[in-house]
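Engineer: I need the structure of the sequence given here:
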Amino acid sequence: MADGRTAAHLVSDSLGKTVARVALPAVASSLLMTLFASVDAFWVGTRIGSDGLAAVSTSLFWIWMMVALAEMIGVGLTAVAARRHGEGRPTAAAGVAGDALLFTLLMGIAITVVGLLALKGLFQVMQTPLAVTSLGSRYLGTYLLGIPLIYGFFAIDATFRAAGDTRTPFMLLVVSVAITLVLDPALMLGWGPLPRLGIAGAAIATVLTRGAAFAMGLLLAMRRKLLRLRRPEWHSIAAVCRVGLPTAVTGVVFSIIYIVVTRTATRFGTPALAALGIGHRVESWLFMIGVGFGAATAAIVGQNLGAGEVKRAERAGWLSVALCSGLGLVACVADLLFAPELARLFTNDPAVVAEAARYLRIAAISQLLICSEIVLEGALGGAGETLPPMIASSSFTAARIPLVPLAAARWGSAGIWWTISLTAIGRAMSMIALWRWGRWKSRSV
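Structural biologist: All right, here's what the predicted structure looks like:
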């Protein structure tokens, strides 16, 4: 594992090597989580059925909202701590990381309490079928109990990233995912002496993946003096939240809008709900590659701005987009040529396979630009420029509220999928414009 002495030197090394060295472990970490989520969806879809797949899919929209609040800490801490590292102040960076961790754990506990109290109403809002609501409540209720651990992982992951170390989070996830890949079906199906927990077992395994990585990462970060626990300094927490809040708002708005989209998809039955979930699972492979590149680019941009290397920070953003977008072309071709085969990885239901294949073929065009959106949004966050991306991204996503019902009334479920794809392209174009605009170059955090 990397430590503070061997982590990539983000300011002076060759830029191409720096991007590769920092991005590849971050991408691998993201793909590990995607691998687990896809395997989890396979077991749910093939053993519990389309109702279970729809239950997990609809639960995800609320989970995205909760995770968006954790990303407030992740994005804000990466930007602030990376800037301190770039300024040559590692002790200050460690103090900020400790303050952010304590705050995010308290926030996670509060979310757990509120979520459990509101659990029944969360599915009523989406007007899901009774079978989906029952399974979804069991899945989401179990997941909520582990929210503080998941929030803690976001803070620890950002602590390592800000220091230029993306290898340690990767190794932590390798260990935890390897264990939970076995634990997932074992808890769901009751292998050996373990109880048969069904869909709740899937939620437990998901929580344990990041919970175990958080526990191991906390010990390593403190031992390497990347994180220092102290009496919280609220100005540090305020700085982290100020930078990360727009990103959190973007995520919350995105989740709320998807809940509205789900209400429209419900009109076309469980196959459409399950297809929506399968589409997200397939897209998540490229999406999470973009998240990995974006996280790495955020650290590179933050440290280089702290060191006064503005042009190098700008080049890092474009280089990361170019590297990631090549995979977008591969994803586009795969969605067009192998849509039914991809859908069958998660279900044997012919109706769900047909609907999911339609979704993937329509969404294929958006795969060409999705990396531009995710990578540059991460890069802008690393610079501390999060408000304009929030406004741009939320505006295109909010357009789905009037457009989805109109398109669905005219073209059926295909109208929903086209609206999702075209607005995603709009978000990508807006991030490209913001990065070219260059206002982020003068941001201070």
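
Engineer: Let me know the secondary structure of residue 128.
Structural biologist: coil (DSSP: H, G, I helix; E, B strand; the rest coil).

Engineer: how close does it sit to residue 65?
Structural biologist: The gap separating residue 128 from residue 65 is 16 Å, by CB to CB, to the nearest Å. Where you see a C-beta, it was placed from the backbone N, CA and C, and this is true even at glycine.

Engineer: Show me which of these two is the more surrounded one.
Structural biologist: Neighbour count, other CB atoms under 10 Å: between residue 128 and residue 65, residue 128 has more, with 27 against 21.

Engineer: Now the more buried one: closest residue in space, sequence neighbours ignored.
Structural biologist: The spatial neighbour of residue 128 that comes closest, neighbours along the chain excluded (CB to CB, 6 or more residues apart in numbering), is residue 58 at 5.5 Å.

Engineer: Might you report the residue contacts of the one you found?
Structural biologist: Residue 58 is in contact with 123, 126, 128, 132, 136, 262, 273, 277, counting by CB atoms under 8 Å, 6 or more residues apart in numbering.

Engineer: wait, which of those residues is closest to residue 353?
Structural biologist: residue 277 (13.0 Å; CB to CB).

Engineer: Need the nearest residue in space to that closest one, chain neighbours excluded.
Structural biologist: What sits nearest to residue 277 in space, not counting adjacent residues and going by CB to CB, 6+ apart, is residue 57, at 2.6 Å.

Engineer: residues touching that neighbour, list them.
Structural biologist: 273, 274, 276, 277, 278, 280.

Engineer: For these, could you give me CSV that also reports distance to residue 21?
Structural biologist: Below are those laid out as CSV (distance: CB to CB, whole Å):
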residue, distance to residue 21
273, 41
274, 40
276, 37
277, 35
278, 34
280, 30
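
Engineer: So which of the residues you listed wins on neighbours?
Structural biologist: Compared across the contacts of residue 57, residue 274 has the highest neighbour count, 33 neighbours, by other CB under 10 Å.

Engineer: Which helix or which strand is home to that residue?
Structural biologist: Element membership for residue 274 (DSSP states H and E) is helix 270-306.

Engineer: Now find how far off-centre that helix is within its chain.
Structural biologist: Using CA atoms, centre = their mean, to the nearest Å, the distance from the centre of helix 270-306 to the centre of the chain it belongs to is 6 Å.

Engineer: That one - what's its average pLDDT?
Structural biologist: What helix 270-306 shows for mean pLDDT is 88.

Engineer: Next secondary structure element downstream of it?
Structural biologist: The C-terminal neighbour of helix 270-306 among helices and strands, as given by DSSP H and E, is helix 310-337.

Engineer: Which is the succeeding secondary structure element to that next one?
Structural biologist: helix 339-343.

Engineer: by contact count, what packs against that next one?
Structural biologist: helix 270-306, helix 350-363 (3 or more CB pairs under 8 Å, 6 or more residues apart in numbering; DSSP states H and E).
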